[in-house]
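In: sharing a model prediction with you, sequence too.
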Amino acid sequence: MSPGDVREIGSGELLSHGVHVVDDRTRITATQRTPGPVILLSMQGAASELSIDTVTARPDHAVFAFVDAAGLVTKEPNGPWMPVEGGLVVAPPGIAQHVRCAGSWSITAAYVPRATLGAFVAALPATAQVLEERRPLDRAMQAFVEQVLAVEDTETAIERYAIERLIVEMSGAILLDRTDGASGHRSPHAALRDKAVAVIAQQCSDPALNPARVAREVRSSLRQLQLVFAEAENSVAGEIRHQRARLAKSLLLDSRFDSLSIEQISQRAGFPPPISLRRALEEEYGATPRALRAHREAAQRPQNETADR
C-alpha cells in the first residue's frame, strides 16, 4: 500500500489518533488517509460513547472536526455532561472530551500540524471552540476532506503535496476567520496584519504578488498596511520574501520534489531569478538551496542504511 492511500482502520489505530470506543461491542467504521504530516480521518456509527484525547495522542496537531449527530452530549474530565449541537470543532491544542452520541453520527476530521498554522495567526488559541453555524469555507473544507477520503485511487507525490497544502490553507483561513477575529483579544492593527500574513502565505508562490496587491486583498491602503507591519518591526515586502523562503525550504526538504531543479524550485516559490531565492534562504536560514537539500539527504542516509540491514 502506497503512502497516502485510503484505508479502513480498527480500534488500535483509532487509539493512536486519540479516539477510544468505550464499549467494545459498539461497531464503528473508520477510514484514514495521510497525504503527509496532515492526517484525515472519518468515523461513523450508531449510539455510542467515545473517549477522545488527541492532546496526548497527537500533541503536535491541531484538530478540525466536523460533527453531525442527532443527539450529542460531552464532558471534560471530571466535568458534568452537557448537551451540544453538532458543528465544526476548532481545537488548536487538541480535543480532550468524553462524547455520547444518540442515534447515527459521523465525524470528519483533519489533524493539522500546529507549526504550519503559524503563518495564519500570531498565536494559536489555547482552547477549543464548537461553531454550530457552518460558513461556506467550513462546508467547502468538509466536502473536500470527505471527497479525498472517498476516492480510493492511489495519489501521486504531487497530488499528496497539493492535498496537504490545501488542507493547511483552509484550516488556517478558518482559524483566522472564525476564532482569532471573533475572540476580540486582538487589536485592529494586529488583526489586519494577521489577515495580510494569511493572504501572503496563500499567494506567495505568485511572482506578481506585491505589497500593493496585498493591501487591496485586505481592503487597506498601502500606507496603512506598511505602518501596521512597521509596528511589528517588519514590512510587507519582507513578509512576502519570508513566506517565499518558507515555501522554497519546504520544497527543497521534500524528497518528492527532488526531480525539480533549483531554478524550478525558485519559480514555484515565487522567486523568478534563482539568485533572489539564494539570498532569501541565506538570510532566513543561513543556508543555500543546495546545502538544504544536501543536509536532508545526509540526515536520511543513516535511516536508509539501517533499514537495509
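Out: Nice, I can see it.

In: tell me where this protein has helices.
Out: Ranges of helices in the chain, per DSSP state H, are 11-16, 54-57, 136-150, 157-175, 181-183, 188-203, 211-217, 222-231, 236-252, 262-268, 274-285, 289-308.

In: could these go into CSV alongside distance to residue 117 and mean neighbour count?
Out: Heads up, the C-betas are built off the backbone N, CA and C, glycines and all. Below are the helices of the chain laid out as CSV (distance: least, C-beta to C-beta, whole Å; neighbours: other C-beta atoms under 10 Å):
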stretch, distance to residue 117, mean neighbour count
helix 11-16, 22, 14
helix 54-57, 15, 16
helix 136-150, 14, 16
helix 157-175, 5, 19
helix 181-183, 15, 12
helix 188-203, 10, 20
helix 211-217, 20, 17
helix 222-231, 20, 16
helix 236-252, 13, 21
helix 262-268, 22, 17
helix 274-285, 19, 17
helix 289-308, 23, 12
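
In: out of those, the one nearest residue 45 is which?
Out: Distance to residue 45, taken as C-beta to C-beta, is lowest for helix 11-16 among those, at 11.2 Å.

In: and that closest one, how far out from the chain's middle?
Out: 22 Å (C-alpha atoms, centre = their mean, to the nearest Å).

In: please apply the same query to stretch 169-181.
Out: In terms of C-alpha atoms, centre = their mean, the centre of stretch 169-181 is found 10 Å from the chain centre.

In: residues touching it, excluding its own?
Out: 62, 64, 88, 90, 92, 110, 112, 116-117, 119-121, 124-125, 129, 131, 135, 137-138, 140-141, 144, 186, 191, 194-195, 198, 201-202 (C-beta atoms under 8 Å, 6 or more residues apart in numbering).

In: re earlier: in TSV, list the helices of the chain along with distance to residue 47 and mean pLDDT.
Out: Formatted as TSV, the helices of the chain follow (distance: least, C-beta to C-beta, whole Å; pLDDT from 0 to 100):
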stretch	distance to residue 47	mean pLDDT
helix 11-16	17	89
helix 54-57	23	94
helix 136-150	22	94
helix 157-175	30	88
helix 181-183	33	48
helix 188-203	40	86
helix 211-217	47	95
helix 222-231	51	95
helix 236-252	43	92
helix 262-268	49	93
helix 274-285	52	93
helix 289-308	45	69
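
In: nearest to residue 70, out of those?
Out: helix 136-150 (17.8 Å).

In: just the CA trace of the closest one, in PDB.
Out: Coordinates of each C-alpha in helix 136-150 appear next as PDB, following Å, rounded to 0.1, in the frame of the first residue of the first chain:
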ATOM      1  CA  PRO A 136     -19.100  28.500   3.100                       C
ATOM      2  CA  LEU A 137     -15.400  27.800   3.800                       C
ATOM      3  CA  ASP A 138     -16.300  25.300   6.600                       C
ATOM      4  CA  ARG A 139     -18.600  23.400   4.300                       C
ATOM      5  CA  ALA A 140     -16.100  23.500   1.500                       C
ATOM      6  CA  MET A 141     -13.300  22.100   3.700                       C
ATOM      7  CA  GLN A 142     -15.600  19.300   5.000                       C
ATOM      8  CA  ALA A 143     -16.700  18.400   1.500                       C
ATOM      9  CA  PHE A 144     -13.100  18.400   0.300                       C
ATOM     10  CA  VAL A 145     -11.900  16.100   3.100                       C
ATOM     11  CA  GLU A 146     -14.800  13.800   2.600                       C
ATOM     12  CA  GLN A 147     -14.100  13.500  -1.100                       C
ATOM     13  CA  VAL A 148     -10.400  12.900  -0.500                       C
ATOM     14  CA  LEU A 149     -11.400  10.000   1.800                       C
ATOM     15  CA  ALA A 150     -14.000   8.700  -0.600                       C
END
